[in-house]
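> Build me a structure from this.
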Amino acid sequence: MNIFSAPLIIVTTTSLFIQESKDDEQGVGQGIQRAVVSIAAILGPLYAGALLQTIWIVVLSLLIGAVIAIILIGIVHRSFRPKTTDESLSLLPLINKDS
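The predicted structure is shown next:
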C-alpha cells in the first residue's frame, strides 16, 4: 500500500526542495535527494523484512521517524511563506484603504 503514496511524496518534496534552493545548486541537490530516495526504497523493505519477528522495533522506528519529521517541519515552517512577486501583485488587486 505504501507504494501508492511514494510518487506523491517524492513529487511534493522535490517541488519544495526546488523552491527553497538556489538556482546553481538545484542539480546537485536533486541528485542527492534522488539518491537518498532510491537507497531508502531498497533498504526500507530489507530492514522491515528482517525484523518481521520483532514487529515492535519496526513500529517504534516508524514512530521515531514521524516525530523527527514533525519536529523538522516545525523548525523550517517559517521559511515556506510565499514570496511576493510582481506577477502575484498583478493577479491580486490592491485594496485602497482610503475609500
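> can you pull out the strands in the protein?
Taking DSSP state E, the chain contains no strands at all.
> Can you pull up the most central residue in it?
The residue lying closest to the centre of the chain (CA atoms, centre = their mean) is Thr13, at 3.3 Å.
> was I right about it contacting Arg34?
No - the pair Thr13 / Arg34 is not scored as a contact, 10.6 Å apart, by CB atoms under 8 Å. Heads up, the C-betas are built off the backbone N, CA and C, glycines and all.
> what ranges do the helices span in this protein?
Counting by DSSP state H, one finds helices in the chain at the ranges 2-20, 26-50, 55-76, 86-91.
> Redo those as TSV? Include mean pLDDT.
Converted to TSV, those look like this (pLDDT from 0 to 100):
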stretch	mean pLDDT
helix 2-20	76
helix 26-50	84
helix 55-76	87
helix 86-91	62
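> tell me how far stretch 20-40 is from the chain's mean position?
The chain centroid and the centroid of stretch 20-40 are separated by 12 Å under CA atoms, centre = their mean, to the nearest Å.
> next one: stretch 5-19
Its chain's average C-alpha position is 6 Å from that of stretch 5-19, according to CA atoms, centre = their mean.
> now swap in stretch 34-50 and tell me
17 Å.
> how about that stretch: buried residues?
Within stretch 34-50, no residue qualifies as buried by neighbour count (16 or more other CB atoms under 10 Å).
> Run through who's touching it.
Stretch 34-50 is contacted from outside by 6, 10, 58, using CB atoms under 8 Å, 6 or more residues apart in numbering.
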